[in-house]
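*Asks:* take this sequence and fold it.
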Amino acid sequence: MIFQQQKPAAIFLGISITLLTACSSKEKPTTEANNGPTINVTLAKPLGNNGNTINISGQVESSQTANISTRVMGYITTLKVKVGDKVSKGQLIATISNQDILAKRAQTDAAIVEAEATLKNAQKDYDRFTALYKQQSATAKELDNVTLQYNAVKARVEAAKQMRNEVNAMLSYTTLTAPFSGTVTQKLADAGSMANPGMPIITIEQAGTYQISAAVPEAEINQIKQGQLVDVTIQSANKTFKGSVAQINQSSQFTGGQYIIKVNIPDNEKAGLYAGMYATIVLANTNKTAATNSNTVLVPLASIENKNQLTGLYTVSANNTALLRWVRLGKTYGDKVEVLSGLANNETFIASADGKLYNGVAVKEKK
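*Replies:* Sure, this is the predicted structure:
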């Protein structure tokens, strides 16, 4: 009897232990997720523009660039340079097959020899009939015929010589040399490829002649003057210096409504620069109306996430976890992009991370 009374209590105790075990097994993944690895991140704030300055994005370029090509069609027989090579003015770069042109030159040389021999004979006839005419032993008609023949042969000799000059000019196009000292930045063909007239084979940029090319919108071009000093920042080269506006293009017809300007780089700042580096140009905004209404928010393009045609960037929540914020983007300025909505100019966002970011992952600012 006593055994029967204790049996329900034992069954109840077993059910309680089972429920506790089930609850603990369900809570275990949550505990592991919360105790996951923490990702070190770099935090930043947008580059805000309060309207007192104008930010223009540009790129470093060589002030003198040449695309080396040929005016004749033929196979590239030799190509003596590669990308990164230093070349000097007049140095041989490539040769084009020229057997057909050499054959034409041999033909013109033979034609010149034949025409000059004929000219010598015509010269003798001309001299003889001139003397006979003076002695009244030849008629004026005979002298005119001989003179005509002599001039025709002389013209034939001149035509053959000019033909040889043309062939020599064509032959010179089969030997490509550097027009100035510089660096090979592009190789667009290899030995054995067919070279076509006007097709670039090698691109050379003159060393030490770097400048910055930037596109300026129509609303801001009137605030830029030739010779004006501007602040230039090249982040990839860790350089900040003063530059001067050297050139302003007066037309935007072929540049999509943007006006191209050129900014000089001081000689002592050119070391360590490479063509294609992005540069930010900053100058004072003298348009007070635009300064009042301007409030541009710029973030690095590298911090933008693209998912299913949506754009966003990661921010940090109050619990120190990553939080993806959807934003609407505007114009691109080099390696930065304008944020039209979704991020205030004083909000902090994650610029870079040491691991893969996703919503809810724990993050920690790198010191």
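*Asks:* average pLDDT across the strand or helix carrying Val157?
*Replies:* Element membership for Val157, per DSSP states H and E: helix 140-172. For helix 140-172, mean pLDDT is 93.
*Asks:* list the buried residues of that helix.
*Replies:* Within helix 140-172, the residues that qualify as buried are 143, 146-147, 150, 153-154, 156-157, 160, 163-164, 167, 170-171, counting by 16 or more other Cβ atoms under 10 Å. The way it works is simple: take the backbone N, C-alpha and C, and place the C-beta from them, glycine included.
*Asks:* can you pull the pLDDT of the residue nearest to Glu218 when sequence neighbours are not counted?
*Replies:* What sits nearest to Glu218 in space, not counting adjacent residues and going by Cβ to Cβ, 6 or more residues apart in numbering, is Gly257, at 6.2 Å. For Gly257, the model assigns a pLDDT of 78.
*Asks:* likewise for the one 5 residues further on?
*Replies:* On the pLDDT scale, Lys262 is placed at 94.
*Asks:* could you look up the SS state of it?
*Replies:* Under DSSP: H, G, I helix; E, B strand; the rest coil, the three-state class of Lys262 is strand.
*Asks:* ok so, going back, gap between the residue nearest to Glu218 and Gln226?
*Replies:* Applying Cβ to Cβ, to the nearest Å, the value for Gly257 to Gln226 is 21 Å.
*Asks:* swap in Lys45?
*Replies:* Noted for Lys45: a distance of 35 Å to Gln226, by Cβ to Cβ.
*Asks:* repeat that for Ala271.
*Replies:* Relative to Gln226, and taking Cβ to Cβ, Ala271 is found at 26 Å.
*Asks:* repeat that for Tyr278.
*Replies:* Distance from Tyr278 to Gln226, by Cβ to Cβ: 23 Å.
*Asks:* nearest to Ala103, of the buried residues of helix 140-172?
*Replies:* Nearest to Ala103 out of those is Val167 (Cβ to Cβ; 9.6 Å).
*Asks:* now do the contacts for the closest one.
*Replies:* By Cβ atoms under 8 Å, 6 or more residues apart in numbering, Val167 lies in contact with Ile101, Lys104, Arg105, Thr108.
*Asks:* and if you look at Pro46?
*Replies:* Val297, Leu298, Val299, Val339, Leu343, Asn345, Glu347, Phe349.
*Asks:* could you find the closest non-adjacent residue to it?
*Replies:* Val297 is the one closest to Pro46 (Cβ to Cβ, 6+ apart), at 4.4 Å.
*Asks:* give me the number of residues near that neighbour?
*Replies:* For Val297, the count of nearby residues is 22 (other Cβ atoms under 10 Å).
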